[in-house]
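Q: Structure for the following, please:
(one chain, ligands or ions: 1)
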Amino acid sequence: MSMNNVSLETKCVQAGYRPGNGEPRQIPIVQSTTFKYDTSEDMGKLFDLEASGYFYTRLQNPTNDYVAAKIAELEGGTAGMLTSSGQAANFFALFNICECGSHIVASSSIYGGTFNLISVTLKKMGIDVTFVSPDSTEEELDAAFQENTRAMFGETIANPALTVLDIEKFANAAHRHGVPLIIDNTFPTPVNCRPIEWGADIVTHSTTKYIDGHGATVGGAIVDAGKFDWMAHADKFPGLCTPDESYHGITYAEKFGKEGAFITKCTAQLMRDFGAIQSPQHAFILNLGLESLHVRMPKHVENGQAVAEFLSEHPKVVKVNYSGLPSDPYYKLAQKYLPNGGCGVVSFELAGGRAAAETFMKNLKIAAIETHVADARTCCLNPATSTHRQLSDEQLKAAGIPAGLIRISCGLEDKEDLIADIAQALDAI
Ligand SMILES: *Cc1c(COP(=O)(O)O)cnc(C)c1O
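A: Below you'll find the predicted structure:
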């Protein structure tokens, strides 16, 4: 039976690796930097991309490829690769099609690390950006594009703002301007949303979060939908549509087609030159988490929903952000893109501001204070006293991060225990 026709649940458990007769049932950890060949000619073919195979783990390793293939199948893409972190995944996804002189249109509601990557580091490399509100109208989106725009970027559910992106609207805008839409799908995971089904061309992940799910490994992934017609926009994407002299003059979009060009180029050039590979050990551990992703996500959602509902009725809480609440501004979009729920991350503002947040967090017994989300264990963070502690209360307010804001990532514990823990910590304020 082909893995194409089975459900997402079965893919989580078994896709990506099909052992042959007498081969290991679990994916083998290929703990080897190099691979042996009988003749230089055999190896030469790999260096020319004339044959597929492994020669050095900085570029590719079988263990990583099993896991990347599984994530690609889950997202409904044609090719995938793992990276050493989510940051590396987003950098590679963008830099694979952008160069000095290019321009990116990005949602302003994205992960802080990615915002910094785009607005500071890519800027130093000569790549410009226009940030747009995730709530932009079609006209506002159109106005952000320039002649040198090469990519559009957004997050399905933004970390930490928890806004929900209208993926179809963003995809249509990107395609009207002849560029691909790159979606960071870290928070919902393919279990709760598959952006390719809504028009996204490239999907990225910080696998550090729910895909690993146990706070054990830092990693990233990139998946290509295999749908974007690079050759139809060859003037915009010379890296994919003109010969690469470092590989005997092959043209990626011709030789590997829509299905394979993006990931092949990303591996052959960016992995070769930047080396942000995931270790095969980590890929193996990542896959242990991935095998239960479809079992875990509904539980994270159930706990997130229960905690959000409890908080929304509590007198010491002034505001709750969770797209599963009918009162949330993103509820309607969530009904469309996240019919089974989004994730377990909830944010809320305490009436008592910074001091109340400190007292609340100090009194939690089950939830731990951590700079992390999407773990089996519930954790929380007050940006004003941690990630954003250099900002004054006025600056925090201007940045849309009130001093009393708390982000809580609901884990896999019993929801009544989580609510009881939150209730007693609220009572201590
Ligand atoms: C954490 C995160 C990243 C960065 O991933 P790392 O694995 O920490 O490098 C990127 N995007 C989103 C949405 C994230 O939550």
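
Q: What about the nearest residue to residue 43 once chain neighbours are set aside, how many residues nearby?
A: In space, and not counting its chain neighbours, residue 43 is closest to residue 37: 4.4 Å by C-beta to C-beta, 6 or more residues apart in numbering. For glycine as for every other residue, the C-beta is placed from the backbone atoms N, C-alpha and C. Applying other C-beta atoms under 10 Å, we find 15 other residues in the vicinity of residue 37.

Q: Residue 37 reaches residue 45, doesn't it?
A: No - if you go by C-beta atoms under 8 Å, residue 37 and residue 45 don't touch, sitting 9.5 Å apart.

Q: What segments of this structure are strands?
A: 79-83, 103-107, 128-132, 149-155, 181-184, 202-206, 220-224, 317-321, 345-350, 368-369, 379-381, 405-409 (DSSP state E).

Q: how about those strands in TSV, adding mean neighbour count, mean pLDDT and distance to residue 121?
A: Listed next are these as TSV, based on neighbours: other C-beta atoms under 10 Å; pLDDT from 0 to 100; distance: least, C-beta to C-beta, whole Å:
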stretch	mean neighbour count	mean pLDDT	distance to residue 121
strand 79-83	27	98	16
strand 103-107	24	97	12
strand 128-132	18	97	11
strand 149-155	25	98	14
strand 181-184	29	98	16
strand 202-206	30	99	16
strand 220-224	29	98	16
strand 317-321	18	97	28
strand 345-350	24	97	26
strand 368-369	14	93	29
strand 379-381	24	96	24
strand 405-409	25	96	25
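
Q: With respect to the ligand, which of those strands lies nearest?
A: strand 202-206 (3.0 Å; C-beta to the nearest ligand atom).

Q: what's the spacing between the nearest residue to residue 349 once chain neighbours are set aside and residue 100?
A: Setting aside the residues directly before and after it, residue 349 is nearest to residue 319 in space (C-beta to C-beta, 6+ apart), at 4.4 Å. Distance, residue 319 to residue 100, by C-beta to C-beta, to the nearest Å: 42 Å.

Q: circling back to that earlier point, switch the strands of the chain over to JSON lines; also include distance to the ligand.
A: JSON lines is the format used below for the strands of the chain (distance: least, C-beta to the nearest ligand atom, whole Å):
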{"stretch": "strand 79-83", "distance to the ligand": "9"}
{"stretch": "strand 103-107", "distance to the ligand": "11"}
{"stretch": "strand 128-132", "distance to the ligand": "16"}
{"stretch": "strand 149-155", "distance to the ligand": "5"}
{"stretch": "strand 181-184", "distance to the ligand": "5"}
{"stretch": "strand 202-206", "distance to the ligand": "3"}
{"stretch": "strand 220-224", "distance to the ligand": "6"}
{"stretch": "strand 317-321", "distance to the ligand": "15"}
{"stretch": "strand 345-350", "distance to the ligand": "9"}
{"stretch": "strand 368-369", "distance to the ligand": "17"}
{"stretch": "strand 379-381", "distance to the ligand": "12"}
{"stretch": "strand 405-409", "distance to the ligand": "10"}
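
Q: Quick one: closest of those to residue 56.
A: Among the strands of the chain, the nearest to residue 56 by C-beta to C-beta is strand 79-83 (14.9 Å).

Q: Could you list the residues in contact with that closest one?
A: Contacting residues not belonging to strand 79-83 are listed as 64, 67-69, 71-72, 89, 92, 207, 219-224, 226, 259-260, 262-264, 266-267, 271, 276-278, 283, 286 [C-beta atoms under 8 Å, 6 or more residues apart in numbering].

Q: what residue ranges in the stretch 1-150 of the chain are flagged as low confidence?
A: Where the stretch 1-150 of the chain drops to pLDDT under 70, the residues are 1-2.

Q: near the ligand, which residues of this structure?
A: By C-beta under 6 Å from any ligand atom, the residues of the chain that approach the ligand are 85-87, 111, 113-114, 155, 159, 184, 186, 206, 208-209, 218, 220.

Q: If you count neighbours, what's buried in stretch 42-57?
A: For stretch 42-57, a neighbour-count test (16 or more other C-beta atoms under 10 Å) marks 43, 46, 49, 54, 57 as buried.

Q: what residues are up against residue 363?
A: Contacts for residue 363 (C-beta under 8 Å, 6+ apart) come out as 424, 425, 428.

Q: quick one: contacts for the residue in the stretch 1-150 of the chain that the ligand sits nearest to?
A: In the stretch 1-150 of the chain, the residue that lies nearest the ligand is residue 86 (2.3 Å; C-beta to the nearest ligand atom). Contacts for residue 86 (C-beta under 8 Å, 6+ apart) come out as 111, 113, 184, 186, 204-209, 218-220.

Q: Could you check how far the residue nearest to it when sequence neighbours are not counted is from residue 221?
A: Counting by C-beta to C-beta, 6+ apart, the nearest residue to residue 86 once its immediate chain neighbours are dropped is residue 206, at 2.5 Å. Per C-beta to C-beta, residue 206 is found 9 Å from residue 221.

Q: Between these two, which contacts overlap?
A: With C-beta under 8 Å, 6+ apart, residue 206 and residue 221 have common neighbours residue 89.

Q: Look up the residues forming beta bridges with the residue lying closest to residue 263 once chain neighbours are set aside.
A: For residue 263, ignoring the flanking residues on the chain, the nearest one in space by C-beta to C-beta, 6+ apart is residue 79 at 3.9 Å. Under the criterion DSSP bridges, residue 79 forms beta bridges with residue 224.

Q: Which of the contacts of residue 363 ranks first by neighbour count?
A: Using other C-beta under 10 Å as the neighbour criterion, residue 425 leads these with 19 neighbours.

Q: That one and residue 369 touch, don't they?
A: No - in this structure, residue 425 is not within contact of residue 369 by C-beta under 8 Å, at 11.4 Å.

Q: list residues touching both of these two?
A: residue 361.

Q: How about the contacts made by residue 309?
A: Residue 309 is in contact with residue 325, counting by C-beta under 8 Å, 6+ apart.

Q: And it, how far from residue 380?
A: Residue 309 sits 17 Å away from residue 380, taking C-beta to C-beta as the criterion.

Q: Once you drop chain neighbours, what's closest to residue 198?
A: Nearest non-adjacent residue to residue 198, counting by C-beta to C-beta, 6+ apart: residue 167, 4.1 Å away.

Q: Provide a list of residues in contact with the one you found.
A: Residue 167 makes contact with 154, 156, 181, 183, 195, 198, 199, 200, 337, according to C-beta under 8 Å, 6+ apart.

Q: for the third one, what are its contacts?
A: Counting by C-beta under 8 Å, 6+ apart, residue 181 touches 151-154, 167, 170-171, 174-175, 199-202.
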